[in-house]
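Q: any chance you can model this:
(one chain, ligands or ions: 1)
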Amino acid sequence: MNTAKQITWHEPPLAETDPEIFALIEREEAYQRDTVRLIPSENYASRGVLEAAGSVLSNKYSEGYPFKRYYEGQAQIDAIEELACKRVAELFGAEHVNVQPYSGSPANFAVYAAFASPGDTVMGMMLPAGGHLTHGWGVSVTGSFFKAVQYGVRENDHLIDYDQARNLAKEHRPKILFCGATAYPRIIDFQAFRSIADEVGAILVADIAHISGLVAAGVHPSPVGLADVVTSTTHKTFRGPRGGMIMCKKAHRKAINKAVFPGLQGGPHNQTTAAIAVAAREAATPEFKAYAQKIVENAKALAEELNARGFRLVTGGTDNHLMVVDLTNKGVPGKTAAKALDRAGIVVNSNTVPFDPRTPFDPSGIRIGTPAITSRGMGMGEAKRIGAWIDDVVTHHEDEAVLTRIAAEVKEMCSQFPAPGLPIG
Ligand code: DSN
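A: Residues are numbered from 1 along each chain as shown. Sure, this is the predicted structure:
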């Protein structure tokens with residue numbers, strides 16, 4: 001671990017004990033340093049977050065909750081978990097917090113375990129409309145263990161079809177109603193979902209994995225206090241470690257805790273818990289608020305640039321950290337474009353667009369987000385430059401000379417914006 005204090009190790013370093021893995025990590029560092037990372041669910045965690053996540057806390061087993069463990073020797077672990085929960089609760093104004101879910105999917109599974117039984121009806125947004133696998137999509141166990149009803153977006157403007165959601169809820173009366181998305185570029189109306197859930201007596205769950213950093217900073221309306229349960233990963237706009245968390249009303253504390261442990265998981269990943277605490281502290285600062293605002297400004301600037309260059313954006317633009325670009329009019333499939341962009345040092349993921357005639361593995365679009373470039377301090381000027389590069393790559397996706405030239409330009413720009421958490425290379 002690379003800490004500020006001088007450490008003398010009695011063991012040889014990883015570079016000597018496992019040069020293969022060491023070399024791959026070094027290559028990944030260079031990749032993350034020299035490329036423009038636009039996958040909206042990725043980010044750069046701070047050095048502090050990485051130090052906590054790579055710490056000796058990984059050596060501990062701590063089944064249970066603070067001061068009610070099945071293992072001894074928990075003095076530090078209890079204090080760390082309490083601090084993590086307290087910081088997250090204060091940041092979001094949550095009545096109860098559980099930071100033990102291993103990631104976002106386990107957090108969502110815990111909600112099913114707490115409030116539904118196999119065969120019950122549940123409801124969420126369909127994956128091709130921008131929902132998540134765990135919101136009841138067929139290939140997920142949430143779509144096969146439960147009777148999952150799926151709402152989507154409107155055909156004319158690709159905005160969430162709240163009327164359809166209400167009608168389906170009234171018809172099927174789900175026990176759980178999920179809202180939240182992984183590829184939706186607009187503000188989510190949590191109040192509308194609250195009223196739908198109330199009409200049918202459903203538990204309302206808001207999955208804010210993508211936007212939790214924006215919510216913490218007040219840049220996106222918060223569902224905390226409106227939804228019965230709020231789930232999130234901790235590594236996207238929140239800029240923490242790979243992990244998950246659940247916030248809920250006090251009334252649901254017992255059900256949620258029991259579902260996470262012993263319902264679904266064993267011992268929590270204490271190194272992740274500590275790193276979540278570090279991230280929550282960072283997210284409470286004025287700098288983080290400014291960061292979250294800049295994420296959205298940069299996304300809007302990039303969306304404008306792409307619009308001006310004839311790209312078709314789902315819903316026409318963005319209000320948050322991401323956009324989905326339908327490449328049909330450019331005659332380039334999403335996967336082909338994403339691969340060419342990667343060769344040019346611009347990392348995105350291919351993505352289905354609403355009502356996509358193509359397959360999920362070879363869809364019509366790409367998904368682009370600005371959390372990671374904003375963490376490096378890039379601004380609207382860089383966002384617009386990136387838009388121009390994306391246009392060049394899509395137009396010349398088979399021209400390796402163009403891709404190589406752009407990769408060099410990207411690397412040069414990246415060298416001016418050191419990434420948090422990475423050694424200076
Ligand atoms: N985390 C999701 C994303 O990339 O948006 C997928 O589960």
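
Q: I'd like the mean pLDDT over stretch 52-65, please.
A: The predicted model gives stretch 52-65 an average pLDDT of 98.

Q: now do it: distance to the chain's middle.
A: 23 Å (C-alpha atoms, centre = their mean, to the nearest Å).

Q: buried residues in it?
A: Across stretch 52-65, burial judged by 16 or more other C-beta atoms under 10 Å covers 52, 53, 57, 60, 62, 64, 65. C-beta coordinates here come from the backbone N, C-alpha and C atoms, glycine included.

Q: in a markdown table, list those residues along with distance to residue 253 and secondary structure.
A: As requested, these are exported to a markdown table (distance: C-beta to C-beta, whole Å; DSSP: H, G, I helix; E, B strand; the rest coil):
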| residue | distance to residue 253 | secondary structure |
| --- | --- | --- |
| 52 | 25 | helix |
| 53 | 26 | helix |
| 57 | 24 | helix |
| 60 | 24 | coil |
| 62 | 19 | coil |
| 64 | 15 | strand |
| 65 | 10 | strand |
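
Q: can you list the neighbours in contact with stretch 297-304?
A: With contact meaning C-beta atoms under 8 Å, 6 or more residues apart in numbering, stretch 297-304 is reached by 185, 313, 317-318, 320-323, 368-370, 373-374, 378-380, 382-384, 386-387.

Q: how many neighbours does the closest residue to the ligand within the stretch 101-250 of the chain have?
A: Nearest to the ligand, among the residues of the stretch 101-250 of the chain, is residue 182, at 3.7 Å (C-beta to the nearest ligand atom). Neighbourhood size, residue 182 [other C-beta atoms under 10 Å]: 22.

Q: surely it meets residue 134?
A: No - distance between residue 182 and residue 134: 10.0 Å, which falls outside the contact criterion (C-beta atoms under 8 Å).

Q: any idea how far residue 55 lies from residue 84?
A: 14 Å (C-beta to C-beta, to the nearest Å).

Q: so what sits against both of these two?
A: Common neighbours of residue 55 and residue 84 (criterion: C-beta under 8 Å, 6+ apart): residue 274.

Q: what about the helices in the stretch 1-150 of the chain?
A: With DSSP state H, counting those that start in this stretch as the criterion, the stretch 1-150 of the chain has helices at 14-17, 19-34, 47-53, 75-92, 104-115, 141-144.

Q: what's the closest of these to residue 228?
A: Judged by C-beta to C-beta, the one of the helices of the stretch 1-150 of the chain that comes nearest to residue 228 is helix 104-115, at 8.4 Å.
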